[in-house]
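Colleague: The sequence isn't on hand, but the structure is:
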């Protein structure tokens, strides 16, 4: 496997997150004043009528017309410094960067899938990195189709033509091809979305094997936690019923499943959507059945959601693969009713299930607020449980606001009860969530010290024992470079300092994981499982030491509720305004002024000045 594979995955994931935010901005920002000017009216009208079929030759002819022509006047005005050219350029650069990113990301995913033998919960962080990137690529394409104001794309098109005539841009031709082939001239969003799925499926064919295998490995957690009743039956967050459970450290693997449960559903749905050939396996179909049961719409970015059911419905009717002469012809439509049964027939049950889960989580949040108030020392050994509880609660808050106005595709046939999507107690869940985050953040140093000692005294000896057995069995099969890296991680565990770089540790860990999970290592995946499990648990504990406060903020993610201003007002009778400075931690404080609550988190990256300035104002 390429030595840079881990770096590529991490960098592309970070780039994808930034591009999603830029596309969200492009969707919700108003058109620049230059697009609304009278001087450009005739030009925009002409391009709108022919978009996106206008070609560079026609654009050149428009430029060469007489100065008296309204169109050449518009072009001259366009080129003048009096308009907000930079705003329009940002739209072009966003489309250009998305186009360039698509090719790199899909090529990297195809390379990884050809080299990795298996992705499952044993090499979880590699699995998460891979599927997060794949889902990000699909989300970018969906979000681009949801940029409703065509004038913004037209503005980017005009910039593209200008660059053809003057400055050169290596990606310009790709942008023009992308806008003509993928953005298309279809009038309906549904048609554009289907065209996008076909575009992605053609490029994601090499991923079928790895997605099919992952669906088997990830089916268990997705199926096990598909209902609120399963949490209560297994007492996942209840520790008071058994005195021995109270002081025991939380199981890393068990609560990691819960922490990423909703991510698993989201990642697998997007993966199967662009690679439906993987649904030839029964495990993949059962996995999709449990995923679809939990959603009416699927989150894309912030408050942008995707009504997946129509696209899935068309996929089931039209997708087929294999060749009948070889006896491998596969028609997906024969499984449509089985997979969609819960989604169509049990839609009311789905809404009730999420309401029950919100109530259960609220009760558990309050339980731990009381427990940690009385016994603060328990916040450290139960930190993994706290992260899972916070993340699940945050996902339920976001699920609620995404579904307030959503309904199943066949609501008229199942006596859909709209009131099931409203919950006047949602604000109590938000308050309980903030209470627990605030309380645990006060004891962040205690958590750091606890896990520092845990890594040194428990993780490091366990890792050393596994490595000794592993190296005895593999002999010289493992190159010295990878042996040294594995021993370096063990040394970092023995001598962990609270100012160490988590990013550097994570990169080394992913390098080791990529090698052990690949065919390049020459090892059976079953042989590497114990080592992968030990290293995965150790990385989780590294994060608890080095990213304690950041994990609390990221998992709570309350600040992004600001994007659901309309839904928030509908269910609380309050209006969320937009603060002057605007990001997750800022929005969190802004929201909490409306629920008469204050929050003082030590970790607020890039917003410390804002906090110093506004803490006194908000109390």
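Modeller: Arrived safely, thanks for sending. All values derive from a computational prediction rather than experimental measurement. Residues are numbered from 1 along each chain as shown.

Colleague: For residue 355, the count of nearby residues, please.
Modeller: Other residues near residue 355 number 19, with proximity taken as other Cβ atoms under 10 Å. C-betas here are computed from N, CA, C, even on glycine.

Colleague: Show me where the stretch 151-300 of the chain has its helices.
Modeller: 172-178, 189-203, 208-224, 228-234, 243-246, 252-259, 261-274, 282-293 (DSSP state H, counting those that start in this stretch).

Colleague: so can I have TSV of the ones you listed showing distance to residue 104, mean neighbour count and mean pLDDT?
Modeller: Listed next are the helices of the stretch 151-300 of the chain as TSV, based on distance: least, Cβ to Cβ, whole Å; neighbours: other Cβ atoms under 10 Å; pLDDT from 0 to 100:
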stretch	distance to residue 104	mean neighbour count	mean pLDDT
helix 172-178	12	17	69
helix 189-203	12	16	86
helix 208-224	18	20	91
helix 228-234	40	14	87
helix 243-246	47	10	70
helix 252-259	29	20	88
helix 261-274	17	23	94
helix 282-293	27	21	89
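
Colleague: List the buried residues for the helix or strand containing residue 94?
Modeller: Assigned by DSSP states H and E, residue 94 belongs to helix 85-115. Buried residues in helix 85-115, counted by 16 or more other Cβ atoms under 10 Å: 85, 87-102, 105-106, 108-110, 112-113, 115.

Colleague: hang on, the earlier thing: of all the helices of the stretch 151-300 of the chain, which one comes closest to residue 501?
Modeller: helix 252-259 (21.5 Å; Cβ to Cβ).

Colleague: Model confidence for residue 59, exactly?
Modeller: Residue 59 carries a pLDDT score of 50 in this model.

Colleague: going forward can the numbers begin at 14, since that is how I track them
Modeller: Understood, numbering begins at 14; the last thing we discussed is residue 72.

Colleague: Distance of the most centrally placed residue in the chain relative to residue 402?
Modeller: Centroid check for the chain by Cα atoms, centre = their mean gives residue 145 as the closest residue, at 5.9 Å. Separation of residue 145 from residue 402 (Cβ to Cβ, to the nearest Å): 22 Å.

Colleague: chain center to stretch 352-367, what's the gap?
Modeller: 24 Å (Cα atoms, centre = their mean, to the nearest Å).

Colleague: residues of it that come out buried?
Modeller: Buried, per 16+ other Cβ under 10 Å, within stretch 352-367: 352-353, 355-357, 360, 363-364, 366-367.

Colleague: Quick one: mean pLDDT for that stretch?
Modeller: 80.

Colleague: now stretch 370-389
Modeller: 91.

Colleague: who's in contact with that stretch?
Modeller: 241, 244-245, 250-251, 253, 391-392, 395, 399, 402, 405-406, 409, 413, 436, 438-439, 441-442, 445-446, 448-449, 452-453, 455-456, 459 (Cβ atoms under 8 Å, 6 or more residues apart in numbering).

Colleague: Give me the buried positions along it.
Modeller: For stretch 370-389, by 16+ other Cβ under 10 Å, it's 370-375, 377-382, 384-385.

Colleague: And stretch 423-437, by the same measure?
Modeller: For stretch 423-437, by 16+ other Cβ under 10 Å, it's 424, 429, 433-436.

Colleague: would you turn the residues you listed into a markdown table with secondary structure, distance to residue 298 and pLDDT?
Modeller: Formatted as a markdown table, the buried residues of stretch 423-437 follow (DSSP: H, G, I helix; E, B strand; the rest coil; distance: Cβ to Cβ, whole Å; pLDDT from 0 to 100):
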| residue | secondary structure | distance to residue 298 | pLDDT |
| --- | --- | --- | --- |
| 424 | helix | 24 | 70 |
| 429 | coil | 25 | 77 |
| 433 | helix | 27 | 76 |
| 434 | helix | 27 | 75 |
| 435 | coil | 33 | 78 |
| 436 | coil | 32 | 81 |
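
Colleague: And the furthest pair within those residues?
Modeller: Most distant of those, by Cβ to Cβ, are 424 and 436, 18.4 Å apart.

Colleague: what about residue 29, how many neighbours?
Modeller: The tally of other residues near residue 29 (other Cβ under 10 Å) stands at 21.

Colleague: Please tell me how far it sits from residue 205.
Modeller: 21 Å.

Colleague: same thing with residue 312?
Modeller: Residue 312 is 19 Å from residue 205, where distance means Cβ to Cβ.

Colleague: just residue 531 next, same as before
Modeller: With Cβ to Cβ as the criterion, residue 531 and residue 205 are 38 Å apart.

Colleague: so residue 406 sits right up against residue 444, yeah?
Modeller: No - shown here, residue 406 and residue 444 do not form a contact pair, counting by Cβ atoms under 8 Å, at 11.1 Å.

Colleague: Look at those two and report which has more neighbours.
Modeller: Each of residue 406 and residue 444 has its neighbours counted (other Cβ under 10 Å); residue 406 has more, 26 against 17.

Colleague: List the contacts of that one.
Modeller: Contacts of residue 406 by Cβ under 8 Å, 6+ apart are 374-375, 378, 442, 445-446.

Colleague: and the strand or helix carrying residue 31, which residues are buried?
Modeller: According to DSSP H and E, residue 31 maps onto helix 18-41. Residues 18-19, 21-23, 25-26, 28-29, 32-33, 35-37, 39-40 are the ones in helix 18-41 that count as buried (16+ other Cβ under 10 Å).

Colleague: swap in stretch 473-490?
Modeller: Quick answer for stretch 473-490 (16+ other Cβ under 10 Å): 473, 475-476, 479-480, 483-484, 487.

Colleague: Columns secondary structure on top of those, output as a markdown table?
Modeller: A markdown table is the format used below for these (DSSP: H, G, I helix; E, B strand; the rest coil):
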| residue | secondary structure |
| --- | --- |
| 473 | helix |
| 475 | helix |
| 476 | helix |
| 479 | helix |
| 480 | helix |
| 483 | helix |
| 484 | helix |
| 487 | helix |
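
Colleague: now those in CSV, with pLDDT?
Modeller: Output for the buried residues of stretch 473-490, formatted as CSV (pLDDT from 0 to 100):
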residue, pLDDT
473, 93
475, 92
476, 92
479, 91
480, 91
483, 89
484, 88
487, 82
